[in-house]
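Asks: Sequence isn't available, so here's the structure alone:
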């Protein structure tokens with residue numbers, strides 16, 4: 001299944017690829033006002049150098065389908081809900097919407113990078129308001145700030161903490177779809193979704209799972225994320241990714257959820273599954289000690305290919 005910018009479904013996503021549709025846009029008003037933060041000067045304090053990204057449109061979601069009370073929704077990070085919808089669609093595409101699945105031996109691995117979701121940042125801000133009381137010379141009381149910001153900040157509820165935890169997103173999938181295998185989240189930064197596939201392959205190879213659900217998800221398109229990447233000098237000011245190009249000036253962040261259902265080839269053939277592709281080999285590596293934390297090392301990249 002695929003939930004991506006300008007493509008709330010597999011067919012739309014494929015059509016976008018065929019017609020070379022560019023889904024990168026300026027930050028839409030539905031998310032936040034980039035004009036409050038933008039400055040092309042990377043040295044400008046507390047400013048972002050890019051106003052570009054990929055953004056999801058509305059995705060229909062019925063919480064009752066997943067046993068979630070509607071009143072809980074404001075306390076749950078949208079990523080957790082989108083992942084549930086993505087897995088439901090992937091299972092249906094795999095033909096398991098109606099026929100039996102070995103749920104007891106189905107593993108769930110979510111590849112998801114970083115943090116700083118809008119909900120988590122808002123809860124963090126609410127939690128920090130009492131700090132203003134410790135600086136009386138500012139003349140600002142936490143109570144006054146809360147009164148002014150109350151309608152803009154989420155209310156703490158029993159759903160708040162699990163609602164912002166990335167590992168709970170994988171746990172919700174196992175819970176709602178009655179999967180009995182391992183469930184966990186992997187953060188390998190930009191490689192998170194591939195790391196999830198790698199982990200799922202290992203589950204199947206070891207025999208600890210007969211079915212594995214690999215999920216890649218990211219919905220952190222917030223001023224916090226843009227600030228973090230801007231100050232790391234990692235964002236493209238042009239809003240264009242240019243891998244292997246001398247003109248490359250950084251990355252472009254995008255929202256999206258992708259899900260694949262994996263089985264051992266012999267099992268898929270035995271069960272009459274529709275097989276899209278076969279993973280012939282998968283490998284991973286690190287660069288080891290080199291010039292810097294983010295500097296690429298060709299030897300490390302070659303090592304991953306050889307291992308695969």
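Replies: Perfect, I can see it now. Fair warning: this is a prediction, and the values are worked out from it, not measured in the lab.
Asks: ranges for the strands of the stretch 1-150 of the chain?
Replies: 2-3, 24-26, 52-54, 106-111 (DSSP state E, counting those that start in this stretch).
Asks: For those strands, could you give me TSV that also reports mean neighbour count?
Replies: Quick note: C-beta positions are derived from backbone N, CA and C, even for glycine. Shown next, in TSV, are those (neighbours: other C-beta atoms under 10 Å):
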stretch	mean neighbour count
strand 2-3	23
strand 24-26	15
strand 52-54	21
strand 106-111	28
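Asks: Please tabulate the ones you listed in a markdown table, including the columns mean pLDDT and distance to residue 73.
Replies: Listed next are these as a markdown table, based on pLDDT from 0 to 100; distance: least, C-beta to C-beta, whole Å:
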| stretch | mean pLDDT | distance to residue 73 |
| --- | --- | --- |
| strand 2-3 | 97 | 17 |
| strand 24-26 | 96 | 26 |
| strand 52-54 | 97 | 24 |
| strand 106-111 | 98 | 20 |
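Asks: CSV please, covering those and showing distance to residue 259.
Replies: Shown next, in CSV, are those (distance: least, C-beta to C-beta, whole Å):
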stretch, distance to residue 259
strand 2-3, 8
strand 24-26, 23
strand 52-54, 18
strand 106-111, 10
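Asks: so who does residue 157 touch?
Replies: 72, 75 (C-beta atoms under 8 Å, 6 or more residues apart in numbering).
Asks: looking at this, it is in a helix?
Replies: No. Residue 157 sits outside any helix when classified using DSSP: H, G, I helix; E, B strand; the rest coil, being coil.
Asks: give the contact list for residue 217.
Replies: 79, 82-83, 86, 110-112, 169, 256-258.
Asks: Between strand 106-111 and the host helix or strand of it, find me the angle.
Replies: Using DSSP states H and E, residue 217 sits in strand 211-218. Strand 211-218 runs at 20 degrees relative to strand 106-111, counting by axes from the mean of the first three to the mean of the last three C-alpha atoms, to 10 degrees.
Asks: which residues sit against whatever helix or strand comes next after strand 211-218?
Replies: Going down the chain from strand 211-218, the next helix or strand is helix 223-231, by DSSP H and E. By C-beta under 8 Å, 6+ apart, the residues outside helix 223-231 that reach it are 27, 32, 36-37, 42, 46-50, 53, 114, 116, 121, 235, 250-251, 253.
Asks: ditto for stretch 117-137
Replies: Stretch 117-137 has contacts (C-beta under 8 Å, 6+ apart) with 75-79, 138, 140-142, 145-146, 149, 152-154, 156, 160, 163-164, 219-220, 222, 224.
Asks: ok, 7 Å please
Replies: With contact meaning C-beta atoms under 7 Å, 6 or more residues apart in numbering, stretch 117-137 is reached by 77, 79, 138, 140-142, 145-146, 153-154, 160, 163-164, 219-220, 222, 224.
Asks: are any of these buried, and which?
Replies: 77, 79, 145, 154, 160, 163-164, 219-220, 222, 224 (16 or more other C-beta atoms under 10 Å).
Asks: The strand holding residue 217 pairs with which strands?
Replies: Using DSSP bridges, the strands paired with strand 211-218 in its sheet are strand 106-111 (parallel), strand 256-262 (antiparallel).
Asks: Distance from it to the middle of the chain?
Replies: Remark: strand 211-218 is offset 10 Å from the chain centroid, using C-alpha atoms, centre = their mean, to the nearest Å.
Asks: Buried residues in it, which are they?
Replies: Neighbour-count burial for strand 211-218 flags 211-218 (criterion: 16+ other C-beta under 10 Å).
Asks: cool, and stretch 224-232?
Replies: If you call a residue buried by 16+ other C-beta under 10 Å, then stretch 224-232 has these buried ones: 224-231.
Asks: from the residues you listed, which single one is nearest residue 272?
Replies: residue 225 (43.1 Å; C-beta to C-beta).
Asks: How much space separates that closest one from residue 56?
Replies: 15 Å (C-beta to C-beta, to the nearest Å).
Asks: now swap in residue 128 and tell me
Replies: 29 Å.
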